[in-house]
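Colleague: Provided below are the primary sequence and the corresponding predicted coordinates.
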Amino acid sequence: MSEILNPIIVLGGLGLLFGVLLSIASKVFAVKVDPKVEELLGALPGANCGACGYPGCAGLANALAEGRAPTNACSIGGQKVANHVAEILGVNAASFEKKVAVVLCQGDCDKAKNKYEYQGLQDCRIQSTLAGGKKECTYGCVGCGSCFDVCEFNAIRMINDIAVINRENCTACNKCVEICPKKIIELVPYTNNAVVKCKSQDPGKLVRSYCSTGCIACQICVKNCPTDAFSFENNLARINYDKCINCMVCVEKCPTNAIDNVSIVSEDFAQKFAS
Amino acid sequence: MGLFALIISNIFVNNYVFARFLGICPFLGVSNKMETATGMGLAVTFVTTFASVITYIIQKAVLDVFGLGYLQTIVFILVIASLVQFVELALKKMIPTLYSAMGVYLPLITTNCIVLGVAILNIQEGYNLIQTTVSAATAALGFFLALVLVASLREKMEIADIPEALVGFPITLIAAGLMSIAFSGFAGLV
């Protein structure tokens, strides 16, 4: 009899013991979870893409509940999700600002000089480890198309050895921003048309020697901007997009056309996407 | 076997992944990024050490006393599953930062064969409590090492030009196999 009873008692007893211990532990170690977090998690798209900068939708839901993130933090959810989130949190929805990725370099084959011929693997991350890439400018696009490879929305084309982004297809998913080893892709508000398409921090004279369309630190844009939207650091002009009124004075005055009107789409570019 | 020999043996010579082929599932599953690999390695080290000590005590205090050695597997599974649950609860409350670093990996380890395997092998080898603790910790460190090594390889392979048919798991398995052969070079060290 004991042959049957012993295992039943031991196994059952252990099971019961652990069960009781766990239920006590769950009371003792209970962590209060904000009920809003679950509701917020339901409102978010659930894609866990990480474009908001938090680890997945759960991370963002936590941040939202604690008030650390703006209601419009989810870039792929758009205004609809922002409204829903605001409703749950009981605050006014911050108006959702649509953003698009822009490649901040125009130094294609014709405009920027190369320092060597690259024949390795077609991957920007590899090329940029070889003396900073084939172009003499170590800040610019190396042109291997790693961003093109990761783009899932058909928004990037490589034209003349440089990445160009179609604003209409871009969803601001941030993938290209993350993969670019040169960190020259940035998210810019969709409504802004004037963008400084250069990241070179070299002095103007040096920039002029290797690129015909780089920022040469002349500060003409700073002087001419009617709303003081330009700031200047490390030999590079920067636009404050909140101040910009799209007057396009800077685009007209820029001697090297480093400031570009991104709303104008060239024919060549349109054709590339049509095909 | 001395403790030092035990450490060398568990980490290199009888590495649980490369020589005993335990814990292959998480080894392949979470080794694609260094960050997740270290998180998983930490969680496994933590749980394996604790589980081995507790299963050792239960083996000696309960199973051996009642002569129920044949219940070892099922009891150990019960113990490990409860322990993991308990650790998860406790970590969430007491050390939230550590929980956020390895929390998501904890439930994955509940039925991980390396945790159970180490616990059972320790009993089979007839180790005492100190040897069990050291053996469990170093076995898990060996797993950690394997995970980190392969994760670093996989991060490189991500951008390498690999024949299309081999992209992903096939090349990972080949790399793991080669690494296993390399580790067999440690054979005879202890």
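Modeller: Noted; the coordinates are in hand.

Colleague: where does pLDDT dip in the stretch 51-200 of chain A?
Modeller: Along the stretch 51-200 of chain A, the parts satisfying pLDDT under 70 run over A:93-96.

Colleague: what do you get for chain B?
Modeller: Scanning chain B for pLDDT under 70 picks out B:1, B:101-104, B:111.

Colleague: got the residues of the stretch 1-150 of chain A near chain B?
Modeller: By the rule CB under 8 Å from any CB of the partner chain, the part of the stretch 1-150 of chain A lying against chain B is A:6-7, A:10-11, A:14-15, A:18, A:21-22, A:25-26, A:28-31, A:121, A:123, A:125-126. Any C-beta I mention is one placed from the backbone N, CA and C, and that applies to glycine too.

Colleague: how is chain A divided into domains?
Modeller: Recorded structural domains for chain A (assignment: automatic domain parsing) are A:35-89, A:99-264.

Colleague: which of the residues of the stretch 1-150 of chain A next to chain B are buried, as a PyMOL select command?
Modeller: With 16 or more other CB atoms under 10 Å in any protein chain shown as the criterion, this PyMOL line picks the buried residues out of these:
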select buried, chain A and resi 7+10+11+14+18+22+25+123+125+126
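
Colleague: show me the residues of the stretch 1-150 of chain A next to chain B that map onto helices.
Modeller: Using DSSP state H to define helices, the subset of the residues of the stretch 1-150 of chain A next to chain B located there is A:6-7, A:10-11, A:14-15, A:18, A:21-22, A:25-26, A:28, A:125-126.

Colleague: closest to A:Thr213 among these?
Modeller: Checking these against A:Thr213 with CB to CB, the nearest one is A:Arg125 at 24.4 Å.

Colleague: quick one: residues contacting the closest one.
Modeller: Listed by CB atoms under 8 Å, 6 or more residues apart in numbering or on different chains, the contact set of A:Arg125 reads A:146, A:179, A:181, B:159.

Colleague: who are the contact partners of the second one?
Modeller: Spelled out, that is A:Ile179. With CB under 8 Å, 6+ apart, A:Ile179 has these contacts: A:124-125, A:146-147, A:149-150.

Colleague: give me that answer again for 10 Å
Modeller: A:123-125, A:146-151, A:185, B:159 (CB atoms under 10 Å, 6 or more residues apart in numbering or on different chains).

Colleague: before we move on, what about A:Gly42?
Modeller: A:Gly42 makes contacts with A:57, A:61, A:84, A:88, as judged by CB under 10 Å, 6+ apart.

Colleague: looking at those, state which has the most neighbours.
Modeller: When the contacts of A:Gly42 are compared by neighbour count (other CB atoms under 10 Å in any protein chain shown), A:Ala61 ends up highest, at 25 neighbours.

Colleague: that one sits in which helix or strand?
Modeller: Per DSSP states H and E: A:Ala61 is located in helix A:56-65.

Colleague: nearest spatial neighbour of the most centrally placed residue in chain A, chain-adjacent residues omitted?
Modeller: Closest to where the C-alpha atoms of chain A average out (CA atoms, centre = their mean) is A:Asn174, at 3.4 Å. Once flanking residues are discounted, A:Asn174 sits nearest to A:Ala51: 4.2 Å by CB to CB, 6 or more residues apart in numbering or on different chains.

Colleague: ok, the one you found to chain B distance?
Modeller: Here the criterion is CB to the nearest CB, to the nearest Å. By it, A:Ala51 lies 18 Å from chain B.

Colleague: ditto for A:Val262
Modeller: Distance of A:Val262 to chain B, computed by CB to the nearest CB: 30 Å.

Colleague: surely that residue touches A:Lys197?
Modeller: Yes. Between A:Val262 and A:Lys197 there is a contact under CB atoms under 10 Å: 8.2 Å.

Colleague: okay, the two: which has more neighbours?
Modeller: A:Lys197 (23 against 18).

Colleague: so that one touches A:Leu236, yeah?
Modeller: No. The pair A:Lys197 / A:Leu236 is not scored as a contact, 11.2 Å apart, by CB under 10 Å.

Colleague: now do the shared contacts for A:Val262 and A:Lys197.
Modeller: A:102-103.

Colleague: flag every residue of chain B that's near chain A.
Modeller: Neighbours of chain A within chain B, by CB under 10 Å from any CB of the partner chain: B:58, B:62-63, B:65-68, B:70-71, B:74-75, B:78-79, B:81-83, B:85-94, B:96, B:99-100, B:104, B:158-161.

Colleague: at 6 Å what do you get?
Modeller: B:66, B:68, B:71, B:82, B:85-86, B:89-90, B:92-93, B:159, B:161 (CB under 6 Å from any CB of the partner chain).

Colleague: whichever of those residues end up buried, select them in PyMOL.
Modeller: Buried subset of the residues of chain B next to chain A, written as a PyMOL selection, criterion 16+ other CB under 10 Å:
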select buried, chain B and resi 68+71+82+85+86+89+92
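
Colleague: could I get the residues of chain B next to chain A as JSON lines with distance to B:Gly142 and secondary structure?
Modeller: Converted to JSON lines, the residues of chain B next to chain A look like this (distance: CB to CB, whole Å; DSSP: H, G, I helix; E, B strand; the rest coil):
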{"residue": "B:Phe66", "distance to B:Gly142": "33", "secondary structure": "helix"}
{"residue": "B:Leu68", "distance to B:Gly142": "31", "secondary structure": "coil"}
{"residue": "B:Leu71", "distance to B:Gly142": "28", "secondary structure": "helix"}
{"residue": "B:Ser82", "distance to B:Gly142": "25", "secondary structure": "helix"}
{"residue": "B:Gln85", "distance to B:Gly142": "25", "secondary structure": "helix"}
{"residue": "B:Phe86", "distance to B:Gly142": "25", "secondary structure": "helix"}
{"residue": "B:Leu89", "distance to B:Gly142": "28", "secondary structure": "helix"}
{"residue": "B:Ala90", "distance to B:Gly142": "26", "secondary structure": "helix"}
{"residue": "B:Lys92", "distance to B:Gly142": "28", "secondary structure": "helix"}
{"residue": "B:Lys93", "distance to B:Gly142": "31", "secondary structure": "helix"}
{"residue": "B:Ile159", "distance to B:Gly142": "28", "secondary structure": "coil"}
{"residue": "B:Asp161", "distance to B:Gly142": "32", "secondary structure": "coil"}
